[in-house]
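Engineer: coords please:
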Amino acid sequence: MTDEETQYAAVFTSRSNNRVVLTVNNSLNSWFDRSLGKGGSVIDFAQTYWPELSTEQIEQKLLEIMTRIESTGSPENRARRKRKPLKLPHYQIDQVRPLGQTNEITDFLKENRIVGNRRSECSRSPLFCY
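Structural biologist: A predicted model of the protein is given here:
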């Protein structure tokens, strides 16, 4: 992607994986949608986006959108929404002990079958036995 291109997730299809599908090239005034295998001019995009509208209705709709953009200013000039501060958790390790010396952790590991104390389990994975 370059500064001349803007990419979007699915516009014409109902995909939920947020994969980039639509690329708009601002310097060429063109678009291409990989999911459709189709692209073209602004008019081609509008005809694909609003297939039920006539050419005159599409022109009217595009004029309305352009008027709205001109009256509100470009998105780059609008004030950005303030972000809420996010406090990141901070953990500090006070002490490291060998496995089996902290009852709470040992119980958790046993309950989730992460460690075992039977000989058969220890012979397979001695790392998790104590």
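
Engineer: Phi first, then psi, for T23.
Structural biologist: Summarising the backbone geometry of T23 under the convention degrees, to the nearest 10, its torsions are phi -120, psi 130.

Engineer: where does the chain dip in pLDDT?
Structural biologist: Using pLDDT under 70 as the threshold, the predicted model of the chain has low-confidence ranges 1-3, 13-18, 73-80, 116-130.

Engineer: where do the strands sit along it?
Structural biologist: Counting by DSSP state E, residue ranges of the strands within the chain are 5-8, 22-25, 30-33, 38-40.

Engineer: Pairing partners for Q7 in the sheet, please.
Structural biologist: The partner list for Q7 in beta bridges (DSSP bridges) reads T23.

Engineer: Residues contacting the longest helix along the chain, please?
Structural biologist: Longest helix of the chain, by residue count under DSSP state H: helix 55-72. With contacts defined as Cβ atoms under 8 Å, 6 or more residues apart in numbering, helix 55-72 is touched by 42-43, 46-47, 50, 53, 78. The way it works is simple: take the backbone N, C-alpha and C, and place the C-beta from them, glycine included.

Engineer: Give me the distance from that helix to the chain's centre.
Structural biologist: In terms of Cα atoms, centre = their mean, to the nearest Å, the centre of helix 55-72 is found 30 Å from the chain centre.
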